[in-house]
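Undergrad: can you look at this prediction? I've put the sequence above it.
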Amino acid sequence: MPTPAVPAPKAPAIARPAAADMRPPHPAGRPRRIAVIGGGPGGLYAAVLLKRLDPAREVTVWERNAPDETFGFGVVLSDETLGGIEHADPAVHEALRRDFVSWDDIDIVRRGTTHRSGGHGFSALGRRRLLQILHDRCRSLGVRIDFRTEAPHPDVLAAEYDLVIAADGVHSATRAAYARVFGPQVTEHRCRYIWLAADFPFDAFRFEIAETEHGVMQLHGYPYAADASTVIVEMREEVWRAAGFGDISPRESVERCAKVFADALRGRPLRSHNPAWTSFRTVVNDRWSHGNVVLLGDAAHTAHFSIGSGTKLAVEDALALAACLEEQPDVGSALAAYEEERKPVVASTQRAARASLEWFEDLELYLGQSPRQFAFNLLTRSRRVTHDNLRLRDAHFTEAVEREFGCPPGTPPMFTPFRLRGLTLRNRVVVSPMDMYSATDGVPGDFHLVHLGARALGGAGLVMTEMVCVSEEGRITPGCAGLYTGRQAEAWRRVTDFVHRQVPGTAIGVQLGHSGRKGSTKLMWEGMDEPLDTGNWPVVAASPLPYTPDSQIPRRLSRAQLTDIREQFAAAAWRAARAGFDLLELHCAHGYLLSGFLSPLTNLRTDAYGGSFERRLRFPLEVFDAVRAVWPAERPMTVRISATDWAEGGTSAEEAVGIARAFAAHGADAIDVSTGQVVAEERPEFGRSYQTPFADRIRHEARVPVIAVGAISSWDDVNSLILAGRTDLCALARPHLYDPHWTLHAAVEQDYTGPGAVWPAPYRAGSRRPRTGRTDAPRPRLTLGG
C-alpha cells in the first residue's frame, strides 16, 4: 500500500510580506492584470488564452528556470485535449500539429514475447518544443515572461494583481504558503522512476517487463519526434535498492538502465539532461482557490505518468479557467465555477491514474499469467480501457485473449461457466446479498419470494439472500430474516423451491451472519445504524466498543457465549441445507460479529480470541469449521470479508490476504471480497470498481477464487475484470435493484444467446430489444435540374 498522505514537500522559500494573513480580495469584474507563477505548459497556455480573449490585459509569467530547462522529454496529448486547443487557439494547434508524432499501437513485451494491440491513437511532441511554441505565442500576443526569476510572494501578487494563477508545479510554493486554506494531501508511492530519452523512435507505445535477479523492472517508452523517444524506467523501491541504483552515479544509472533494456533499445544508449530517480507523489487539495489566487495543473493535482495525463490535465485546466473567467461576472464566481467544473473530472482521472500506478506497483502479482492475458490486464489496468472498447479498437487481439481464456465463439467472458466444488454456475454474475429488512419475526414472506424469484428469473448465475441471522439477538433490525426456527426454514424452502423449479440452472445461496455490536437498530429507511426508540435487545461483540457514540455499548462475549453462538451458526447452517440452498456464505465483513473479531480496531481482547492476528482469526475459523461440518460436503461455502477497514490501524492488505488463506485452508471455496463498514469513522475511497483491487490481490496472493463486489455497474466492467484475471465472479447489488433482469439484458445488448443466459419460457418473447419510434427522416435521393 502507498504511504499515508503527508504534508506537501518543502517548496522553494519565498519572502513573505508582513501582512501575510490577509485574505486576498475578489476583484469586481473580469481581471485586467494577471500574474502567472510558473512557466510550464499549463501556466503558459493560461496566459495565452487570457491575453487572446482580451488583448488589453496585462499578463506576466514568472519562471524560475531558463527557457529550455525542463524535466522529461515527450508530452502526450489526447484527441479531446487537442480539439479543445484547436477551438480556443487555432494558431497554437497548427504549430503543435506540425510537430506531432502520431501512432496507434501499444506493444507489451514480456519474457521475449511481444503482443501488439492497435487502434489506440496517440499524439506526442517534445516537451521543449511544446514550451517553445507557447513561448512564441506568448511573445506574439504581448505576454511578458520573466525567466530565471523567482515570483514575488503570492500575498504581494494578490495585492497588486486582479488574478494570480499558481502553476508552480508539484512542489508549489504557493500551495505551501496557503496550505491551511488549500488543505493539500500528498501521498508518496512505492516505486522509483527516472526520465530518460533514446535517439530513435519507437514504432509503438512500448511497455517492457524485465524480470531481473533483483526483482521486476519496467520500461515505459513512446516516440515524441522523428528521431527520439521518451523512456521511463520504473521499479519498486526495494528492487531499486537491491539493484544498487542508490549507490551509483546518475551517469552509471543511465548506463545500467540501457543494459537492462538493451533489446528494447536495440543496443543503443540512453541519455538524460538531468538524471534523477524520484518517487511519484499524488497531490490532492481540498480547495483550489483562495481569494484571487488559484491553483492550476500539478500545483492543484497530479496523476501518474502511466496514463499520460499531467500536461493534458494542466492544459485542460487552463481552457476551463479561461472559459469560466469569460463566462462569469467576477473573479470569485469564475474561480468557484472553475473548481466546480474541473474537480470531478480531475478526481476521475486521478482514480484511473491511481489504479494504473498501483497495478505497476503490484506488477509481480501477474507474472504467472499467460503473456496474452497479461497484456490484456495491462491494457485495462486503469479501467479507462475496457473489454468492449478494446474489442472495438482491436477485435483480433481481444478475440485471441478470449479464445485463450476459454470463451466459445460469440460468448462474452461473463457468460462462461464457473465451478465451485459440486456446483457449476452457468455464468459469472452474482446477485449480491442485500438486506431488505422486510421479514416478520425473522420469517421471509411474499416480498422475499418475489424479490429473490425475480432476480433468479433475471439470469444471474447465483442469487444470494440478504444476511440471514442465526439468532433473534443476532438481528440487525426487527425486519431482518433468520434461520433460527423451523418456521423460518420452511419459508425459505418456498423460495428455493421456486428458484429450482422455475429457473433450473440458477443457483441460490444463503448468507449467514450475526449483527454483533451493530444490532438492535432501526430499519434502514427509518435511520440507518440508529438504536430503536423502544424494544431494544442487548447486543454483544468481541469487545465492549459501541459502533457510534449513540449506539449501545455491547457486552463482551464470554467463552461460554462464544460456544453458544458457534452452535447457533451450525444449527442455522443445518436448517439452510434442509431448506435447499445451493451455497452458503459466512458473513465475516462489515463490522458484524465475526468481522468484529478480525479487525484490530474492534477486537481489543487479551485472551485466546484477541491480540495477535492468529488469535483474532480463531473464533471466525471455529465458526466456519462448525458450519462446514454440518453443511453438505458437495455444496460450496464462501466467506465475505472486509479487506480493509478504511481507517488507520485497521486490517492491512497483508492481513486480508492472510485471512483469505486461513479460510481457504479450512475449506472455503471462494472469498467474497468487500471492504469497510467496520468502524463509523472510516474514510473509504469510493470510485468505479473501487474494491476490485483487494479481490485481485487476494486472488493472486492467496491463490483462491474470489468474488469481486463494489460499484461494478456495467456488463463491460464484468467482462473486463473476468478476462483480465482480477476476479472469478462479480457480485452486483444496486444494478439488480434497478433492473431485476440485468443479466439477461446484458446478454441481449451483447447479441449473446447461449447456455450462459437462458430466458425463462414465459419471457422468451421479450428476449429482444423493444422497438422504438422512428426518428430518422427520409434522405434526399434525387437531384433535379431547374
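TA: Cool, got the structure.
Undergrad: tell me the buried residues in the strand or helix carrying Ala336?
TA: Using DSSP states H and E, Ala336 maps to helix 331-361. With burial defined by 16 or more other C-beta atoms under 10 Å, the residues of helix 331-361 counted as buried are 331-332, 334-335, 337-339, 342-343, 346, 349-361. In this view, the C-beta of every residue, glycine as well, is placed from N, C-alpha and C.
Undergrad: stretch 623-638 too?
TA: Neighbour counts using 16+ other C-beta under 10 Å place Val623, Phe624, Ala626, Val627, Arg628, Val630, Trp631, Arg635, Pro636, Met637, Thr638 of stretch 623-638 among the buried residues.
Undergrad: which ones among those residues lie within strands?
TA: Taking DSSP state E, the ones among those that sit in strands are Met637, Thr638.
Undergrad: so which of the buried residues of stretch 623-638 comes closest to His301?
TA: Closest approach to His301 among these (C-beta to C-beta): Thr638, at 39.0 Å.
Undergrad: test my guess that that closest one contacts Asp669.
TA: Yes - shown here, Thr638 and Asp669 form a contact pair, counting by C-beta atoms under 8 Å, at 6.1 Å.
Undergrad: any shared contact partners between those two?
TA: Leu420 (C-beta atoms under 8 Å, 6 or more residues apart in numbering).
Undergrad: now do the buried residues in the helix or strand of the chain with the lowest mean pLDDT.
TA: Least confident helix or strand of the chain, by mean pLDDT, DSSP states H and E, is helix 79-88 with a mean of 82. By neighbour count on 16+ other C-beta under 10 Å, the buried set for helix 79-88 is Thr81, Leu82, Gly84, Ile85, Ala88.
Undergrad: correct me, but the last one touches Glu316?
TA: No - Ala88 is beyond contact range of Glu316, at 10.8 Å (criterion: C-beta under 8 Å).
Undergrad: which residues touch Glu685?
TA: Residues near Glu685 by C-beta under 8 Å, 6+ apart: Arg351, Trp646.
Undergrad: can you classify it as helix, strand or coil?
TA: Following DSSP: H, G, I helix; E, B strand; the rest coil, we place Glu685 in the coil state.
Undergrad: do Gln132 as well
TA: Recorded secondary structure, Gln132: helix (three-state DSSP).
Undergrad: how many other residues sit next to it?
TA: 15 (other C-beta atoms under 10 Å).
Undergrad: if I look at it, how far off is Asp68?
TA: Computed as C-beta to C-beta, to the nearest Å, the Gln132 to Asp68 distance reads 8 Å.
Undergrad: can you list the buried residues of helix 79-88 in a markdown table and add distance to Phe405?
TA: Conversion of the buried residues of helix 79-88 to a markdown table gives the following (distance: C-beta to C-beta, whole Å):
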| residue | distance to Phe405 |
| --- | --- |
| Thr81 | 34 |
| Leu82 | 36 |
| Gly84 | 38 |
| Ile85 | 40 |
| Ala88 | 44 |
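Undergrad: ok, those residues vs Val709, which is closest?
TA: When these are compared for distance to Val709 (C-beta to C-beta), Thr81 comes out closest, at 34.5 Å.
Undergrad: quick one: contacts for that closest one?
TA: When contacts are counted by C-beta under 8 Å, 6+ apart, Thr81 touches Lys312, Val315, Glu316.
Undergrad: and the last one, that's in a helix?
TA: Yes - with the criterion set as three-state DSSP, the secondary structure at Glu316 is a helix.
Undergrad: surely it meets Gly84?
TA: Yes - between Glu316 and Gly84 there is a contact at 6.7 Å, judged by C-beta under 8 Å.
Undergrad: now what about the helix or strand that the least confident helix or strand of the chain is followed by, what contacts it?
TA: The helix or strand immediately downstream of helix 79-88 is helix 90-99, counting by DSSP H and E. Under the criterion C-beta under 8 Å, 6+ apart, residues 45, 48, 77, 82, 85-86, 125-126, 129-130, 133-134, 136-137, 225 lie in contact with helix 90-99.
Undergrad: low-scoring stretches of the stretch 451-600 of the chain, by residue?
TA: Along the stretch 451-600 of the chain, no part satisfies pLDDT under 70.
Undergrad: I should have written the chain there, sorry.
TA: Ranges of the chain meeting pLDDT under 70: 1-28, 71-72, 773-786.
Undergrad: state which strand of it is the longest.
TA: Criterion DSSP E: the longest strand present in the chain is strand 184-198.
Undergrad: buried ones in that one?
TA: So for strand 184-198, counting by 16+ other C-beta under 10 Å, buried means 184, 186-198.
Undergrad: kindly reformat these as JSON lines containing distance to Phe147.
TA: Conversion of the buried residues of strand 184-198 to JSON lines gives the following (distance: C-beta to C-beta, whole Å):
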{"residue": "Pro184", "distance to Phe147": "27"}
{"residue": "Val186", "distance to Phe147": "28"}
{"residue": "Thr187", "distance to Phe147": "32"}
{"residue": "Glu188", "distance to Phe147": "30"}
{"residue": "His189", "distance to Phe147": "32"}
{"residue": "Arg190", "distance to Phe147": "36"}
{"residue": "Cys191", "distance to Phe147": "33"}
{"residue": "Arg192", "distance to Phe147": "31"}
{"residue": "Tyr193", "distance to Phe147": "28"}
{"residue": "Ile194", "distance to Phe147": "26"}
{"residue": "Trp195", "distance to Phe147": "22"}
{"residue": "Leu196", "distance to Phe147": "25"}
{"residue": "Ala197", "distance to Phe147": "23"}
{"residue": "Ala198", "distance to Phe147": "29"}
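Undergrad: in a strand, that's where Met414 is, yeah?
TA: No - checked against three-state DSSP, Met414 lies outside a strand; its state is helix.
Undergrad: coming back round to it: among the contacts of helix 90-99, who's most crowded?
TA: The member of the contacts of helix 90-99 surrounded by the most neighbours (other C-beta under 10 Å) is Tyr45, with 32 neighbours in all.
Undergrad: how far away from the center of its chain is the least confident helix or strand of the chain?
TA: On the basis of C-alpha atoms, centre = their mean, to the nearest Å, helix 79-88 sits 27 Å off its chain's mean C-alpha point.
Undergrad: hey, C-alpha coordinates of it in CSV?
TA: These are the backbone C-alpha positions of helix 79-88, laid out as CSV (Å, rounded to 0.1, in the frame of the first residue of the first chain):
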residue,chain,number,x,y,z
ASP,A,79,-7.5,14.0,-29.3
GLU,A,80,-10.1,15.5,-26.9
THR,A,81,-7.5,17.9,-25.5
LEU,A,82,-6.2,18.8,-29.0
GLY,A,83,-9.8,19.5,-30.0
GLY,A,84,-10.2,22.0,-27.2
ILE,A,85,-6.9,23.7,-28.1
GLU,A,86,-7.9,23.9,-31.8
HIS,A,87,-11.2,25.5,-30.9
ALA,A,88,-9.6,28.0,-28.4
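Undergrad: which residues does Arg697 contact?
TA: Listed by C-beta under 8 Å, 6+ apart, the contact partners of Arg697 are Asp362, Leu365, Ala643, Ala653, Ala656, Val657.
Undergrad: any idea how far Ala670 is from it?
TA: Applying C-beta to C-beta, the value for Arg697 to Ala670 is 15 Å.
Undergrad: one more: Leu420?
TA: Applying C-beta to C-beta, the value for Leu420 to Ala670 is 6 Å.
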